[in-house]
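In: Quick one: sequence and predicted model below, then my questions.
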Amino acid sequence: MRIIAALLILWMTFPPFALGQSPNAPNLSTKPETAQPVADTWQTGRAELTAADVEAFLDGIVPQQLTRDDVAGATVAIVKDGKVLFAKGYGYADVANKKPVVANETLFRPGSISKLFTWTAVMQLVEQGKLDLDRDVNEYIDYKIPEAFGKPITLKNLLTHTPGFEESIKDLITFKQDSPDLGQYLKTHIPRRIFPPGTVPAYSNYGASLAGYIVERVSSEPFNTYVTEHIFKPLNMSHSTFAQPLSPELASKMSLGYTIASEKPLEAFEVVTPFPAGSLSSSADDMSRFMLAHLQEGRLGDIQILKPETAKLMHSRLFGLDPAANAMAYGFYEENRNGRRIVGHAGDTGAFHSDLHLVLDAGVGFFVSYNSAGRGQVSPRTILWEAFLDRYFPFSPPTATVSESSKQDIAAVSGTYESSRRPEGSFFKAFSLLSESTVAPTEDGMIEVDALLAPNGKPKRWQAIAPMQFREVGGQDLLVFKPDENGRMQMIIPYPFMTFQRVGLWQNSKVLLPVLVLSLIVMLLTLVFWFVGWIVRRHYGGTFELTRTEWWLRVGVRAAFALALVFLTSMVSLLMYAISNLDFLSDAGVIWFQMAQAIGVIATIGTLVVFFHAIYAWISKRYRIWGKLQATVFALACVGFLWFVFASHSLYFTSTF
């Protein structure tokens, strides 16, 4: 089940939930406000960041990654000091036809890096006085985001992923080659608001798409047209578009997308319905132009797409949960590492996996995209980026001093946590349960977090270095623990677009799932033994001496168990089918999920028969002690089943999820 959850989230979101395939973990050991200048942090003997050295370095890593992880191809662009330092394609855009990746021609899908163009468009309109970042977004649109928590959602909330929306995955990606209707999507897919605005970061594709729709309405231009006219054309990004499907000219340059290179590519072009959040198609060469503009205060050559003060503002801290932790900027997010101030964004579609990083004080930009997920437990882009930094920006973290309060802190932070980026109002709440993360103490006085993996696929270890702060052993990442405004412990991870919140017993999967498994085993064995017993009695001509009430209770208990098993099996099967058929997570799949849920409702009502049977067994003189205990075990099995059903919101009937 955990694998199913991780795969579905990987396929349906950008960037993914699964932290083993997450954006690169930034360094938090040095506070962004006090990051040291280049001369103070570079070590002697560092490699010189030249085109020749970069090519030799990448040629020694990327081809090995493609072979080892079964990835078809990759494209890389690096800029420095206002120029393109390096751009190159590796591997194949089409494996079967041996079509190579070409950096200045082959199009990749950068996924959520698309959002940086959306935020740039927003800030252009802010410059012109057409948008106010602190105004209620309802004032800019032709429908209404429902009120909640007594606070409106602002553009600043959208920029920092703090509008408070739950995760929504319905209709995110389709393979139907039709141009999506952004307004219609937004009006019919409004997520529930589960956090007060401006309080909890929870990555939101809907929020970014809403910002794109506001660009449409305020500029009176379709979003694709606006970005083309005000960003792509000025920067001479001739191989970039948000349009779906692609024009014939660009379609001929588009890389195929793969799960792994040794298998067939995806059957069709992935159409992202909320397109301002992730539909961009672009080449590495074009992405280098965008990076250069942001690194040069909004300018590329004689073209100014942003005022200098606006470009600087976009890269500055806007929302963070703690001064020691990375923060959201204006659409970019901090990922400081090796003592450098770095902002960037990651992006994923079903096939493509990309990173964009700006090392601000060094004037360096780095873009990479792979056209396959590959077989690795940790994304190749993470390994490549960290190797790049270690070669050209080497850094020795300060020696860690164990915090005097480490024992108390470890006890205080241990437990089970759920991501703030989660569905709440549908049966997909089960994914929150299945993807919960555990913070556990180790024997040598450290902690492990099972969701944060090292390149070897094993959980990283973390040492207490300050009150409620833990640094990665042998690394730079930092975890900060602090109670939220409601007193609930939260784990602030290196990725500032979401956080983890500790759960209570009711939603603790580490307790709930073992209970559910035991409950299902009891139900299944009861049905198996019932059938076997029937065969044996029929063979030998034996019978049960049961009253009419006892007979009906016996049949009712087995029927309730059978329905419970059918319900859970149906839901799991539907979700597994949806993994390889993404169009199923649309209206086409709603009826099937609701049919399964109808079985679940009947099964839930049927548990009343099981509870009545337990009461009847204890008050009846016809039941011996073993019969009474058996009836009790049956009732407890139903408790485990009902616990999961209600904790996972499995019976929430909704046409959106």
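Out: Alright, I've got the coordinates.
In: alpha carbons only for contacts and neighbour counts from here, please
Out: Will do.
In: show me where the stretch 301-450 of the chain has strands.
Out: Assigned by DSSP state E, counting those that start in this stretch, the strands in the stretch 301-450 of the chain fall at 303-304, 333-334, 342-348, 353-359, 364-370, 415-419, 437-441, 447-453.
In: And those: which comes nearest A559?
Out: The closest of the strands of the stretch 301-450 of the chain to A559 is strand 415-419. By C-alpha to C-alpha, the value is 34.5 Å.
In: before we move on, the earlier item: pipe the strands of the stretch 301-450 of the chain into JSON lines and attach distance to E167 per row.
Out: Listed next are those as JSON lines, based on distance: least, C-alpha to C-alpha, whole Å:
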{"stretch": "strand 303-304", "distance to E167": "36"}
{"stretch": "strand 333-334", "distance to E167": "19"}
{"stretch": "strand 342-348", "distance to E167": "16"}
{"stretch": "strand 353-359", "distance to E167": "20"}
{"stretch": "strand 364-370", "distance to E167": "25"}
{"stretch": "strand 415-419", "distance to E167": "10"}
{"stretch": "strand 437-441", "distance to E167": "17"}
{"stretch": "strand 447-453", "distance to E167": "19"}
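In: and among the ones you listed, the most buried is which?
Out: Comparing these by mean neighbour count (mean count of other C-alpha atoms under 10 Å), strand 333-334 ranks first with a mean of 29.
In: what are the ranges of the helices in the stretch 1-150 of the chain?
Out: Here the stretch 1-150 of the chain has its helices, by DSSP state H, counting those that start in this stretch, at 2-12, 38-41, 51-69, 114-127.
In: got the buried residues for the longest one?
Out: Residues of helix 51-69 classed as buried under the neighbour-count rule (16 or more other C-alpha atoms under 10 Å) are 51, 54, 58, 62-63, 65-66, 69.
In: Tell me, how many residues neighbour the nearest residue to R391 once chain neighbours are set aside?
Out: With C-alpha to C-alpha, 6 or more residues apart in numbering as the criterion, R391 has its nearest non-adjacent residue at 6.0 Å, and that residue is A47. Residues lying near A47 (other C-alpha atoms under 10 Å) number 14.
In: didn't A47 look like it was pressed against F388?
Out: No - at 10.1 Å, A47 does not count as touching F388 under the criterion of C-alpha atoms under 8 Å.
In: So what's the residue count around F395?
Out: By other C-alpha under 10 Å, 19 other residues sit near F395.
In: my read: it touches R340, true?
Out: No - applying C-alpha under 8 Å, one finds F395 not in contact with R340, separated by 9.3 Å.
In: From G541, how far out is the residue nearest to R391?
Out: To G541, A47 is 86 Å away according to C-alpha to C-alpha, to the nearest Å.
In: likewise Q128?
Out: 89 Å.
In: Can you list the low-confidence ranges for this protein?
Out: In the predicted model, the chain carries pLDDT under 70 at residues 1-45.
In: contacts for stretch 508-521?
Out: With contact meaning C-alpha atoms under 8 Å, 6 or more residues apart in numbering, stretch 508-521 is reached by 416, 433-434, 436, 505-506, 565, 636-638, 640-641, 643-644.
In: Just the buried ones from those, in ChimeraX syntax?
Out: Listed next is the ChimeraX selection for buried residues among the contacts of stretch 508-521, using 16+ other C-alpha under 10 Å:
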select :416,433,434,436,565,636,637,638,640,641,643,644
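In: for the contacts of stretch 508-521, which one is nearest F269?
Out: Minimum distance to F269 across the contacts of stretch 508-521 is 29.9 Å, recorded for L434 (C-alpha to C-alpha).
In: A614: what's it in contact with?
Out: For A614, the contact set (C-alpha under 8 Å, 6+ apart) comprises 628, 631-632, 634-635.
In: give me that answer again for 7 Å
Out: Contacts of A614 were listed using C-alpha atoms under 7 Å, 6 or more residues apart in numbering, and they are 628, 631-632, 635.
In: any idea how far it lies from I625?
Out: Look at A614 and I625: by C-alpha to C-alpha, they are 12 Å apart.
In: so R192 touches P163, yeah?
Out: No - applying C-alpha atoms under 7 Å as the test, R192 and P163 come out as separate, 10.5 Å apart.
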